[in-house]
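A.B. asks: got a sequence here, can you model it:
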Amino acid sequence: MFNHIKYGVDPDSQNYDARLVVNFRFPYIEDTSLPVTICYYDLYSVILHELTHALGMVTGITEENTTGYYFPECKTNSFTRYDSLFLYYGSANQIGNLVKMVTFDSLGNPSIEATLASTQNCLRSNKIWLY
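C.D. replies: Predicted structure coming up:
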């Protein structure tokens, strides 16, 4: 999809550039002027999230399934270029104190921010921003 957008040429005209599948068995709020209530999903945010994946935004930051703590993919400390754009704000009282989730040392080696590695369920907390 990136090359199609950048160069204006469809690299594979026989196939779609991206495909989104939405499970409409979940209750969605479709009106963006309404607040999202408990047990409902904001359809706009879900579609926007999935479209960013279609545009190539993926992450190497994952959580271990049973404990919910940060788990480096394949234990290699591998991250994508977009991981350095993710910010975590901890609790509602810390919105002004955004922390980069992945930082790089002077040699360009990436590492997860130390407090995130010891914070349970931080990737599922809805306290992550992309800048």
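
A.B. asks: got the contact list for the longest helix belonging to the chain?
C.D. replies: Determined from DSSP state H, the single longest helix within the chain is helix 43-54. For helix 43-54, the surrounding residues in contact (C-beta atoms under 8 Å, 6 or more residues apart in numbering) are 1, 17-18, 20, 22, 28-30, 32, 130. Just so you know, the C-beta spots here come from the backbone N, C-alpha and C atoms, and that holds for glycine as well.

A.B. asks: quick check, distance from that helix to the centre of its chain.
C.D. replies: Remark: helix 43-54 is offset 10 Å from the chain centroid, using C-alpha atoms, centre = their mean, to the nearest Å.

A.B. asks: ok, of the contacts of helix 43-54, which one's closest to residue 10?
C.D. replies: residue 17 (7.5 Å; C-beta to C-beta).

A.B. asks: got the contact list for the closest one?
C.D. replies: Per C-beta under 8 Å, 6+ apart, neighbours of residue 17: 1, 4, 10, 54.

A.B. asks: change it to 7 Å
C.D. replies: 1, 4 (C-beta atoms under 7 Å, 6 or more residues apart in numbering).

A.B. asks: repeat that for residue 103.
C.D. replies: Counting by C-beta under 7 Å, 6+ apart, the residues that residue 103 touches are 111, 113.

A.B. asks: quickly list what it is bridged to.
C.D. replies: residue 111 (DSSP bridges).

A.B. asks: measure it to residue 78 for me?
C.D. replies: 15 Å (C-beta to C-beta, to the nearest Å).

A.B. asks: which SSE is immediately downstream of the longest helix of the chain?
C.D. replies: strand 61-63 (DSSP states H and E).
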